[in-house]
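Student: fold the following.
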Amino acid sequence: ALWAARARVWIPMQSQQGFGPPTGGPAGLPQGGLSSSNSTMGPSFSPSLTSFQTAPATSGGGNGSGDGSSRGAGIESLYPLIENLGNPATRDVALQELSKERETYEDLAPVLWYSSGTVAALLQEIISIYPMLMPPTLTALASSRVCNALALLQCVASHRDTRALFLKAHIPLYLYPFLSTFSDQRPFEYLRLTSLGVIGALVKVKVDDSDVVSFLLQTEIIPLCLRIMETGGELPMTVATFIVEKILADDTGLNYVCHTYDRFATVTRVLDNMITEKNPPPRLLKHIIRCYLRLSDNSRAKEALRQCLPDVLRDEGTHFAPAIRDDPNVRRWMHQLNRNLSEGSPAVGAVGTSDAMGAP
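Tutor: Numbering: from 1, shown residues only. Now for the predicted structure:
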């Protein structure tokens, strides 16, 4: 009944499409998206990730936002290692050493990108483990090696001078087979987490977000993230939710998710399950709340949430008081969410999405 109430908010459309790229998307992108009917996939698992070194959405030293004190300082010492990436016999050691240094040298990303054969060598590392994904035979050693390659690509993805080139080459698509895996073995969980870190580095940057979001919306990143939000461990779940939050934060992303009921229902159903069944820890909770808050900026989504927002979010934080006691930002977001839903007029800061969606 609750979901029927939500559905009535949406005007019947000729095409109630789920997630996936629009017809006629850029060449080279997948042309078949995942619909809302298959957003729940794979077994549930919650492996311990406390020993992982990858942090959620870490952009590394190549984010181009530093003070420039390390710009070019001593980077020449890495040239032999970069050259060794082209030799399969020396590549493993070079990957390990460069991965350790990626946060030290701000301009490592352009050097990697423009060095002859370097990106091809990194992609070769990624492609080489595809046969180990199904059936799941990935070893810890192979996972660690490819994650070192992914760490360098994350550096490239987050740098201001290489981010657009990274997208133009459609390199994120090489990571999607990793995000589609189901195995709960630690090598696979580590692989998914590091792959999410690359996508997280793309959306974390505060400039040119629309270009990044527009690219991601033409791929299957939202359903892939939703599946990990449903079945992943705490860290992958947190990074996947962060990615969805950043997509929603962009006007293009919000309009896309709220354009049809199927898309809205798929996203909110996963968020509802996370908030009511998983007892999310504080760092995950804040991303979930930010997703709801952003959805409330859309007129039809706000009307649906007004009827069906989970009860645990209607008390403005009482249910989660122990978890958010020391975080005034989360308390403020929950208050703003309830205030948005209680207002009859469009929420402050709304982006006019009702017109884009064809609402009367």
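
Student: in stretch 178-188, what's buried?
Tutor: By 16 or more other C-beta atoms under 10 Å, the buried positions in stretch 178-188 come out as 178-181, 183-188. No exception for glycine: its C-beta is placed from N, CA and C like everyone else's.

Student: can you redo the residues you listed as a markdown table with pLDDT and secondary structure?
Tutor: Below are these laid out as a markdown table (pLDDT from 0 to 100; DSSP: H, G, I helix; E, B strand; the rest coil):
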| residue | pLDDT | secondary structure |
| --- | --- | --- |
| 178 | 98 | helix |
| 179 | 97 | helix |
| 180 | 96 | coil |
| 181 | 95 | coil |
| 183 | 94 | coil |
| 184 | 92 | coil |
| 185 | 95 | coil |
| 186 | 95 | helix |
| 187 | 97 | helix |
| 188 | 97 | helix |
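
Student: quick one, what contacts residue 122?
Tutor: 85, 112, 149, 152-153 (C-beta atoms under 8 Å, 6 or more residues apart in numbering).

Student: so what's it scoring on pLDDT?
Tutor: We have a pLDDT of 98 for residue 122.

Student: neighbours around residue 115, how many?
Tutor: Neighbourhood size, residue 115 [other C-beta atoms under 10 Å]: 15.

Student: same thing with residue 81?
Tutor: Residue 81 has 17 neighbouring residues, counting by other C-beta under 10 Å.

Student: just confirm it contacts residue 97, I think it does.
Tutor: Yes - between residue 81 and residue 97 there is a contact under C-beta atoms under 8 Å: 5.3 Å.

Student: residue ranges with poor pLDDT in the stretch 101-250 of the chain?
Tutor: 206-209 (pLDDT under 70).

Student: likewise for the stretch 251-360 of the chain?
Tutor: Residues of the stretch 251-360 of the chain that meet the criterion pLDDT under 70 lie in 316-318, 321-323, 344-360.

Student: and the helices in it?
Tutor: 251-258, 261-277, 282-295, 299-308, 321-324, 328-342, 353-357 (DSSP state H, counting those that start in this stretch).

Student: quick one, which of those gets closest to residue 195.
Tutor: Residue 195 sits nearest to helix 282-295 of all the helices of the stretch 251-360 of the chain, at 18.1 Å, using C-beta to C-beta.

Student: angle of the closest one against helix 299-308?
Tutor: Interaxial angle, helix 282-295 versus helix 299-308 (axes from the mean of the first three to the mean of the last three C-alpha atoms, to 10 degrees): 120 degrees.

Student: list the buried ones in helix 282-295?
Tutor: For helix 282-295, the neighbour count (16+ other C-beta under 10 Å) marks 283-295 as buried.

Student: contacts for that helix?
Tutor: 56, 234, 237-238, 241-242, 244-245, 248-249, 254, 257-258, 264, 267-268, 271, 274-275, 280, 301-302, 305, 309, 313, 320, 323-324, 327, 329-330, 333-334, 336-337, 340.

Student: for ChimeraX, write the select line for the buried members of those.
Tutor: Buried residues among those (16+ other C-beta under 10 Å), as a ChimeraX selection:
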select :56,234,237,238,241,242,244,245,248,249,254,257,258,264,267,268,271,274,275,280,301,302,305,309,313,320,323,324,327,330,333,334,336,337,340
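
Student: what residue is smack in the middle of this protein?
Tutor: residue 243 (2.8 Å; C-alpha atoms, centre = their mean).

Student: looking at it, that one is touching residue 219, isn't it?
Tutor: No - judged on C-beta under 8 Å, residue 243 makes no contact with residue 219 at a distance of 11.9 Å.

Student: how much space separates residue 153 from residue 285?
Tutor: According to C-beta to C-beta, to the nearest Å, residue 153 stands 30 Å off from residue 285.

Student: thinking again about what came up before, would JSON lines of the buried residues of stretch 178-188 with distance to residue 124 be doable?
Tutor: Below are these laid out as JSON lines (distance: C-beta to C-beta, whole Å):
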{"residue": "178", "distance to residue 124": "15"}
{"residue": "179", "distance to residue 124": "20"}
{"residue": "180", "distance to residue 124": "20"}
{"residue": "181", "distance to residue 124": "20"}
{"residue": "183", "distance to residue 124": "23"}
{"residue": "184", "distance to residue 124": "27"}
{"residue": "185", "distance to residue 124": "24"}
{"residue": "186", "distance to residue 124": "24"}
{"residue": "187", "distance to residue 124": "19"}
{"residue": "188", "distance to residue 124": "20"}
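
Student: pull the most distant pair out of those.
Tutor: 180 and 186 (17.8 Å).

Student: tell me how far stretch 308-318 is from the chain's mean position?
Tutor: Using C-alpha atoms, centre = their mean, to the nearest Å, the distance from the centre of stretch 308-318 to the centre of the chain it belongs to is 25 Å.

Student: what sits up against that stretch?
Tutor: For stretch 308-318, using C-beta under 8 Å, 6+ apart, the contacting residues are 2-3, 5-6, 268, 272, 275-276, 289, 292, 319-320, 324, 330-331, 334-335, 337-338, 341.
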